[in-house]
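Participant: One predicted model, sequence on top.
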Amino acid sequence: MKFKTKPYKHQLACLKKFGAFPAFALLAEMGTGKTWIAINNIAGLYETGKCDAALIFAPNGVHANWARLELPKHMPEGIDYKVAVWSASQTKAEKKEIEKIYANDKNHMRIFLMNWEALQNKKGVEAAWRFVESSKQLMIVCDESDSIKNPKAKRTKNLMKLAAFAKWRRIMTGTPISNSPFDAFSQFYFLDPAILGTTSYYAFKAEYAEMLPASNPLVDHIRQRSRMRGVPQVVARGAGGTPKYRNLDKLAALMAPFSYRILKSECLDLPDKIYKTLLFDLTPQQRIIYKKAEKECRLAFENEDTPFNKLVMITKLAQITSGYYLHPLSEGPVRIDGDNPKLDMLIERVNKIVESGNKIIIWARYKIEIEDIVTRLNQAGINSVQYHGDIGKADRIIAIDKFEKGDVPVFVGNQQAGGRGLTLIAANYVIYFSNNFSLRDRLQSEDRAHRIGQKRNVTYINIAAKGTIDEVVIRALANKKNVADVIIDEGLRLFSS
């Protein structure tokens, strides 16, 4: 099989070792190319007649990213495939694509992309079953499989039922065990119930942790509070409150034959800078406001307004994707009612990075965005420091010092205030919640983490609303172009018809 994009050594090694395994765990750090491995594994098995369909579960927004970016980029040219993306609120076009994906088509590899939330509602589960029943040689891929670490969760239980009908099973995560060894149970049970030597979660916990005896007052208190009939399992704790886990070498030995571990530090052929884009869907409320603002932008371009006014209008579009807008009758920014999927995606990604022991810089364009980011970080129990125009000189120095010394894992800043002159090499992840239109600011802000003293690869993550100005901005910056120039040059082609 000819690859569409050139693989790295660890990607080839993984395919060679595990590509034909019915089940394996791809335990790879973010930025090491897990998706490339999965796509080319699917392609290789399809080409040899061993796989006819792939059901892929991923975090919300990330599942759409597979269809919009990853598959077109990495699927080998000779592989004909059809893809559909699940959405709880589907457009007519999306419904048609999903209906098409159910038909068993011998001339195409069929790929159905679903978010994890789909396994928690009736329609999503029914859609998954229709696809499973239409397949004879199915692969199920669990992207960010730590999403199923709770065996009692509804999504986990529904996935296990589906797994029984899959010929091929894959889990992908950089943090299979983020909190305790118990996290491994559901993930490896999905791959094969025989891997861990027991199908009982109760027995598994007892094997890998020291439990308090039934006579312990804490056990009785928990039993009464939860109104349990049996004896609850409560992990004993040592000095300092550390949980007493045991037999971890045995657990590692059971997992190892089915796992391929990839650390960025071990991938010597990886580029110094790794770029990723995460896509999300606007909420219905955001979409209504965005479409209205887009019409106003189109009128400005049709009337050949000044370049400055055009950029002002485009800026309004970018603000809406972040969850707010400016209104002439309001003293300050107006937050859009309902969910903020951009913030949700950011916090989910930050959680995973922090759990893996890494540090992050988050760049945002406006003060309101930074305020919302810091509020959500606090709610998630993640400590951070701020760096922007309202932070005094002395406090800025303290913020840098705390971040670089490792006192806090997250640095939240504004590119114009903190994008130049700083050394922030404690971070090897940089997330752009929003970008301004300056290529120089982007390049300068990237180099805060990627400079002398940095001994690791740095992963840069853009968060963008699907089908909006966000994608235009990111594409221009990726091509090393000033966004303002691109906006003026493209004109009306920026807008949907």
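Facilitator: Perfect, I can see it now. Numbering: from 1, shown residues only.

Participant: in this protein, what residue sits furthest out from the centroid?
Facilitator: For the chain, the residue at maximal distance from the C-alpha centroid (C-alpha atoms, centre = their mean) is residue 215, at 43.4 Å.

Participant: Tell me which stretches of the stretch 201-350 of the chain form helices.
Facilitator: Secondary structure of the stretch 201-350 of the chain (DSSP state H, counting those that start in this stretch): helices at 201-208, 217-226, 248-255, 284-302, 307-321, 341-355.

Participant: which residues are contacting the last one?
Facilitator: Among residues not part of helix 341-355, those counted as contacts by C-beta atoms under 8 Å, 6 or more residues apart in numbering are 30, 59-61, 144, 146, 174-175, 178-179, 278, 280-283, 321-323, 359-360, 362, 372-373, 376-377, 380, 382, 409-410, 429, 431, 433, 461, 463, 465. Where you see a C-beta, it was placed from the backbone N, CA and C, and this is true even at glycine.

Participant: quick one: average confidence on it?
Facilitator: Averaging pLDDT along helix 341-355 yields 94.

Participant: send the alpha carbons of that helix over as PDB?
Facilitator: Extracted in PDB, the C-alpha atoms of helix 341-355 (Å, rounded to 0.1, in the frame of the first residue of the first chain):
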ATOM      1  CA  PRO A 341     -18.500  24.400  22.700                       C
ATOM      2  CA  LYS A 342     -15.200  26.100  22.100                       C
ATOM      3  CA  LEU A 343     -14.600  26.400  25.800                       C
ATOM      4  CA  ASP A 344     -15.800  22.900  26.400                       C
ATOM      5  CA  MET A 345     -13.300  21.600  23.900                       C
ATOM      6  CA  LEU A 346     -10.500  23.600  25.400                       C
ATOM      7  CA  ILE A 347     -11.100  22.400  28.900                       C
ATOM      8  CA  GLU A 348     -11.400  18.800  27.800                       C
ATOM      9  CA  ARG A 349      -8.100  19.100  26.000                       C
ATOM     10  CA  VAL A 350      -6.300  20.900  28.800                       C
ATOM     11  CA  ASN A 351      -7.500  18.200  31.300                       C
ATOM     12  CA  LYS A 352      -5.900  15.500  29.200                       C
ATOM     13  CA  ILE A 353      -2.600  17.400  28.800                       C
ATOM     14  CA  VAL A 354      -2.400  18.300  32.500                       C
ATOM     15  CA  GLU A 355      -3.200  14.700  33.500                       C
END
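
Participant: Let the chain start at 30 from now.
Facilitator: With the count now opening at 30, the last piece we talked about shows up as helix 370-384.

Participant: Report the angle between it and helix 313-331.
Facilitator: Relative orientation of helix 370-384 versus helix 313-331 (axes from the mean of the first three to the mean of the last three C-alpha atoms, to 10 degrees): 110 degrees.

Participant: what about helix 370-384, distance to the chain center?
Facilitator: Relative to the chain's own centre, helix 370-384 is displaced by 7 Å; criterion: C-alpha atoms, centre = their mean, to the nearest Å.

Participant: Buried ones in it, by neighbour count?
Facilitator: Residues 370-372, 374-383 are the ones in helix 370-384 that count as buried (16 or more other C-beta atoms under 10 Å).
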